[in-house]
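> need a structure here:
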Amino acid sequence: MERVKRGILTSFILLFLFGLLAWKGENAAAQTPSRQTTIVIPYTEYDWWLISWTDNQIQCDVRVDHTGLPTANEVYKACGSDLYQQWANTHPCSHAASGKGSTNSCEGLYFHFVSSQPKKREVTVQLPPPVAWLSLDGCTPSPPLNRCDSIPSLLITGEEPLPNERITSVQGVYGTKGFKCDGSSCKLPLFPTPLEGITVEFWVNSSYGDSSEHYTALVRVVDTGVSLAPGGGGWYVDVISSQWRGTEIASCARTWQAFPPVGEPPVWLSTPDQSKLMASDAPYYYLAGRLIAQGLVSAADCATGGLQPNGYADACGLEKARPMVEVWQNKFDARIIDVAKQTGVPAQLMKNLFAQESQFWPGVFRVSNEFGLGQITDNGAEAVLLWDPSFYQQFCPLVLAKDACAHGYLHLSKDDQATLRGALAVQAKSDCPTCGSGIDLTNVDFSVSLFARTLQANCEQVSQIIQTNTKRMPGSVSSYEDLWRFTVANYHAGPGCVAYAISTAWQNGGLLTWDQVSADFTEPCKGVVPYVNGISK
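Below you'll find the model as predicted:
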């Protein structure tokens, strides 16, 4: 019997302890402070009656916080759909306007101002949270090499936006090891990593009683493999994170969570410092034909005037136009490099794409609805409107009503979407009948930045396609170079072709290399393979 009593007592104690622990857990969660505050805002309330013309009976009371008549939305909310429809369908009462005759013969509803009075309302305001930022201590690497003489430290710095509060500690996990530093900053010594890098999770804690968002960074530290001679040796140090405060590693790298090749990038993904390093001298027959047709080159000595029936130059025409062809194909190099440095989209990639699309003639000729150096179409413009929200928010109100733009591209009507796509594509149009060359070169300069943003939008779309099919980040299943190949294919052939090929390749072998994916394009899409190979050669 005594044993039974002891067992009951032990069970009771255990239940009490479990209950206490559960209460503590719930209480701790409940005590996590909410970053909100309530402020009192004074305003003036205006009271309106909605009255029927026939009997002057009050049908609805509408109170608003602005001068002028209540809006349609306010009438609907205060009075309901039936009264709203009656009011919306009411025509002006001519007797009321003239002051003659009885208004009882008028139909519908009218507003009558009653009074105004000062009021106050409480508004809940969300306070800004603490944040953490990343930089390097001991080295300031410059792209594309990002070389350091010695291995630096990763500096994590906390920022508390609330007055009278402070960052108490920095915390995280480096690889598999946890770390914590008191104060608002933490210097984390780095060490050599595999080529794919290593993940760092980090956050900061505040005296307010809460913590920042948990951020991640992908860090790569690789030996250059060069002896420590003057100007040589050292380490390649790359960091990919939304909180990185250094120079961005490369365009789309953060989107894909993919590091570029160690050291110098391949030529087709490079951005030289000087335009002369990107100069080309290819014999472009289409460009030569355009220069002859626009009167910029004379081919009168040629038997056919230097032109073939399709508008391309013939051999004689190309010979006559060759000096101007070389000048023209390098005419936009300086602008391409400037845009590349602003956006991170490789300059040589853009130039190779322009060579494939237009042979550097930005005017309309072969296809009437393709514009600019990159021959963008209204369907091609959709990628920017879908995948670049900041651009959409700036551009849409220039074309459509602000209210129509408010909820995003996908919520526009089909007609408004088509209007917006067409308006954006036309921004790249450079034809100018009154210009000496038939081309508005100023607009060409603008269109280069538009094409860079279009490529960035396509890399966002490719990232989503890969994540949808693999449930993994693109950088963990493909290389940086091949991800750019997929992006170029997406730009040229569209997401339908690319999504099918990527899905098929993943299901068949789990390999997302260009060689594998390019073999899985359907017959109507196969033309994109030589296109991409030509750009990435």
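> and the residue nearest to S206 when sequence neighbours are not counted, what is it in contact with?
Excluding the flanking residues, the one nearest S206 by C-beta to C-beta, 6 or more residues apart in numbering is P130, at 4.6 Å. Backbone N, C-alpha and C define where each C-beta goes, glycine included. Residues in contact with P130 (C-beta atoms under 8 Å, 6 or more residues apart in numbering) are G158, E159, E160, P161, I167, V204, N205, S206, Y208, D210, S211, S212.
> what sits against the fifth one?
I167 makes contact with P130, G158, E159, E160, G183, S184, V204, N205, S206, S207 under the criterion C-beta under 8 Å, 6+ apart.
> please redo it, this time with the cut-off set to 6 Å
G158, E160, S184, V204, S206 (C-beta atoms under 6 Å, 6 or more residues apart in numbering).
> ok, and the most crowded of those residues?
V204 (29 neighbours; other C-beta atoms under 10 Å).
> show me what that residue is bridged to.
Beta-bridge pairing for V204 (DSSP bridges): V170.
> from memory it sits against S169, does it?
No. Judged on C-beta atoms under 6 Å, V204 makes no contact with S169 at a distance of 7.1 Å.
> gap between the nearest residue to L269 once chain neighbours are set aside and S463?
Setting aside the residues directly before and after it, L269 is nearest to P346 in space (C-beta to C-beta, 6+ apart), at 4.4 Å. Separation of P346 from S463 (C-beta to C-beta, to the nearest Å) stands at 17 Å.
> okay, those two: which has more neighbours?
Neighbour count, other C-beta under 10 Å: between P346 and S463, P346 has more, with 26 against 23.
> how close does that one sit to F451?
12 Å.
> so P189 sits right up against L155, yeah?
No. In this structure, P189 is not within contact of L155 by C-beta under 6 Å, at 10.7 Å.
> between the two, which has more neighbouring residues?
Neighbours per residue, other C-beta under 10 Å: of P189 and L155, the larger number sits with L155, 17 against 11.
> am I right that the more buried one is in a strand?
Yes. Counting by DSSP: H, G, I helix; E, B strand; the rest coil, L155 falls inside a strand.
> quick one: contacts for the spatially closest residue to it that is not a sequence neighbour?
Leaving aside its sequence neighbours, L155 sits nearest to D137 (C-beta to C-beta, 6+ apart; 4.3 Å). Applying C-beta under 6 Å, 6+ apart, we find D137 in contact with P152, S153, L155, K187.
> distance of C459 from D333?
From C459 to D333 the distance is 23 Å (C-beta to C-beta).
> repeat that for V444.
Between V444 and D333 the distance is 12 Å, computed by C-beta to C-beta.
> pick out whichever of those two has more residues nearby.
Legend: neighbour count by other C-beta under 10 Å for V444 and D333, higher for D333 (22 against 19).
> for the more buried one, what are phi and psi?
Main-chain torsions, D333, degrees, to the nearest 10: phi -60, psi -40.
> ditto for G496
phi -60, psi -50.
> ramachandran angles for the closest residue to it other than its chain neighbours?
Distance criterion C-beta to C-beta, 6+ apart; nearest residue to G496, sequence neighbours excluded, is C525 at 8.0 Å. Backbone torsions of C525, given as degrees, to the nearest 10, read phi -100, psi -10.
> and C525, how many residues sit next to it?
C525 has 19 nearby residues by other C-beta under 10 Å.
> now do K177
7.
> look at it and report its pLDDT.
What the model reports for K177 is a pLDDT of 95.
> do you know how far it is from G438?
Distance from K177 to G438, by C-beta to C-beta: 65 Å.
> re earlier: so the residue nearest to G496 touches V498, yeah?
No. Applying C-beta under 6 Å, one finds C525 not in contact with V498, separated by 8.2 Å.
> show me where the stretch 251-400 of the chain dips below the pLDDT cut-off.
366-367 (pLDDT under 70).
> quick one: the helices in the stretch 1-150 of the chain, in order.
For the stretch 1-150 of the chain, applying DSSP state H, counting those that start in this stretch gives helices covering 2-31, 72-88, 94-98.
> now the strands for this protein?
36-52, 58-64, 109-126, 131-137, 147-148, 153-159, 167-174, 177-182, 185-189, 198-206, 215-223, 235-240 (DSSP state E).
> in CSV: those strands, plus distance to P323.
Shown next, in CSV, are the strands of the chain (distance: least, C-beta to C-beta, whole Å):
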stretch, distance to P323
strand 36-52, 69
strand 58-64, 71
strand 109-126, 64
strand 131-137, 49
strand 147-148, 41
strand 153-159, 53
strand 167-174, 59
strand 177-182, 63
strand 185-189, 58
strand 198-206, 54
strand 215-223, 46
strand 235-240, 42
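> among those strands, which is the most enclosed?
Comparing those by mean neighbour count (mean count of other C-beta atoms under 10 Å), strand 235-240 ranks first with a mean of 23.
> hang on, the earlier thing: show the pLDDT at the residue nearest to L155.
96.
> and the gap between it and T157?
10 Å.
> low pLDDT regions in the stretch 101-250 of the chain?
In the stretch 101-250 of the chain (pLDDT under 70), the answer is 101, 226-232.
> what is P118 paired to in the beta sheet?
With DSSP bridges as the rule, P118 is bridged to T44.
> so it versus Y46, what's the distance?
In this view, P118 and Y46 are 11 Å apart by C-beta to C-beta.
> domain parsing of this protein, as residue ranges.
What the record gives for the chain is the domain set 38-126, 131-249, 326-535, from automatic domain parsing.
> can you tell which of those is closest to G289?
Ranking those by their distance to G289 (criterion: C-beta to C-beta) puts domain 326-535 first, at 8.6 Å.
> what about the closest one, distance to the chain center?
Centroid separation for domain 326-535 versus its chain: 13 Å, with C-alpha atoms, centre = their mean, to the nearest Å.
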